[in-house]
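Visitor: Got a sequence here, can you build the structure:
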Amino acid sequence: MQREDIDALKRHWPLVLAALAGWGLDGFDFTLLIFLIPQLGKVFNVTLPEMAFVLTATGLANVVGTIAWGAAADKWGRKLPFIVAVLWFSCLCGLSGLAWGYASFVVFRIFFGIGFGGEWSSSAALLMETLPESARPLASGIMMAGYEIGFLAAAWVFRVIYPVVGWRWMFGIGVLPALLTLFIAMRVNESPAWLAGKHQQQAVEKLKVTPAVLQGWAFMAFINFMLWSIFALYPTFLITVRHLTPAGVFPYVATYSVASIIGKPLAGRIVHRFGERPVLITYLLLTIPSTLLYVLNDSAWAMAVGALLMGLVANSIFGITPMYLSRRFPSARRGIGVGVGYAMTSLSVGAPYVIALVSPSFGLSASMALFIVASAVISMAIAAANTERWIPRQEAA
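Guide: Residues are numbered from 1 along each chain as shown. This is a model prediction of the structure:
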């Protein structure tokens, strides 16, 4: 990395920190639920597929929300939707703790889902439009590492606070991310690319659906199907299949999360040197054997190595996705383009529901492994296509 790229990260540190924290707090609020699936199933007297459906319903609501947030980001700028989205998902997370039954809980999570994707789509566009082109791969990786920081924080809360205060207060803690909006409002500037388009009063161009755009959307859908297959039912797997306590779950989630926190910025650096396609294909190939250790071997060392590899390799692919997706759109339509791409990821939350449905026949371990490997293979095929000729010139690497 060039010295000027490091200087750019330092110069824009409030934005980098806000993007990292926003995605981390977004992840914290969402992943609180996946630790509580077994317990809430007992509280609401529902089955594992019914609890997994809550994740799916949240994702489907996210489809509507992210497209709307993306359109808002193109009209009113990236900063305002960023702030409103953080307030939205924080408040709805807190309200989830007030649910009086399964139906009310599903409703609260659906409204949570509407705001969930707005943070990512607006902050990703803002970050990629503000940083110089050569600094974007590392900035992308730093931002995406926030999710595992949130996942790790949720695991810590589950281990330390949940046994003392119960599930309602777990969601109550999820209101705290709203405080981030003060920092965003005071220290983060609007996207210079969006401001330039606004000041020039350019006519709003239509979103052109090119092969590069279709590739980006399809890749986001299948790579996130793989992600959800990896982590959404992982705590449930550790509790119900490996019979671990909340304290026993934490080391494996921590291993996965710390490896991801390191791996995502590292993936951004590697992409900067070798390019997107070779890195994506290599990472996806390595994911397949990693799955054997992750869920198909019951020894403690294999589980630990599997968690390490899933974080360092499979999940670190997501350190590349903000840059991978955003560069496929001109700045005037990047908000809606990225929003639709994120909406495609929301469709992939059907993964835990489908896994839960087939697990009585194949077992949770084999079901998770099947969908991880299948989605990795499909994602690899999508990533292998060369669509560089359709990338907007001003955004091309």
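Visitor: First residue to last residue on stretch 320-338, what's the distance there?
Guide: Start-to-end span of stretch 320-338 (C-alpha to C-alpha, to the nearest Å) is 14 Å.
Visitor: Name the residues that touch the helix or strand of the chain with the lowest mean pLDDT?
Guide: The weakest-scoring helix or strand in the chain, judged by mean pLDDT, DSSP states H and E, is helix 334-347 (a mean of 74). Helix 334-347 is contacted by residues 59-64, 66-74, 78, 81, 113, 117, 120-122, 124-125, 128-129, 193, 207, 213, 216-218, 220-221, 224, 325-326, 328-329 when judged by C-beta atoms under 8 Å, 6 or more residues apart in numbering. In short, each C-beta sits where N, CA and C put it, glycine included.
Visitor: swap the cut-off to 6 Å and go again
Guide: 59, 62-63, 66-67, 69-71, 73-74, 117, 120-121, 124-125, 207, 216-217, 220-221, 224, 325-326, 329 (C-beta atoms under 6 Å, 6 or more residues apart in numbering).
Visitor: Would you show me how to pick out the buried ones of those residues in ChimeraX?
Guide: ChimeraX command restricting those to the buried ones, with burial defined by 16 or more other C-beta atoms under 10 Å:
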select :59,62,63,66,67,69,70,71,73,74,117,120,121,124,125,207,216,217,220,221,224,325,326,329
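Visitor: Among the contacts of helix 334-347, which ones are in helices?
Guide: Counting by DSSP state H, the part of the contacts of helix 334-347 found in helices is 59, 62-63, 66-67, 69-71, 73-74, 117, 120-121, 124-125, 216-217, 220-221, 224, 325-326.
Visitor: Within the helices and strands, which one has Val354?
Guide: helix 350-362 (DSSP states H and E).
Visitor: Alpha carbons of that helix, in CSV - could you do that?
Guide: What follows is helix 350-362, C-alpha atoms only, in CSV (Å, rounded to 0.1, in the frame of the first residue of the first chain):
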residue,chain,number,x,y,z
GLY,A,350,-33.8,-18.0,3.8
ALA,A,351,-30.8,-20.2,4.4
PRO,A,352,-31.3,-20.8,8.1
TYR,A,353,-35.0,-21.6,7.6
VAL,A,354,-34.3,-24.1,4.8
ILE,A,355,-31.5,-25.7,6.9
ALA,A,356,-33.8,-26.0,9.8
LEU,A,357,-36.4,-27.7,7.6
VAL,A,358,-34.0,-30.3,6.2
SER,A,359,-32.1,-30.9,9.4
PRO,A,360,-34.6,-33.5,10.8
SER,A,361,-33.7,-35.7,7.8
PHE,A,362,-29.9,-35.1,7.5
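Visitor: got the buried residues for it?
Guide: Neighbour counts using 16+ other C-beta under 10 Å place Gly350, Ala351, Pro352, Tyr353, Val354, Ile355, Ala356, Ser359 of helix 350-362 among the buried residues.
Visitor: how far does it sit from the chain's center?
Guide: How far helix 350-362 lies from its chain's middle: 21 Å, per C-alpha atoms, centre = their mean, to the nearest Å.
Visitor: Which phi and psi values does Val209 adopt?
Guide: With angles defined as degrees, to the nearest 10, Val209 sits at phi -90, psi 90.
Visitor: Make 55 the first number, not 1, from now on.
Guide: OK, 55 is where the count begins now, so the last one is Val263.
Visitor: how near is Met280 to Pro68?
Guide: Distance of Met280 to Pro68, given as C-beta to C-beta, to the nearest Å: 33 Å.
Visitor: Compare the two (neighbour count), which wins?
Guide: Set side by side, Met280 and Pro68 show more neighbours around Met280, with 27 against 14, by other C-beta atoms under 10 Å.
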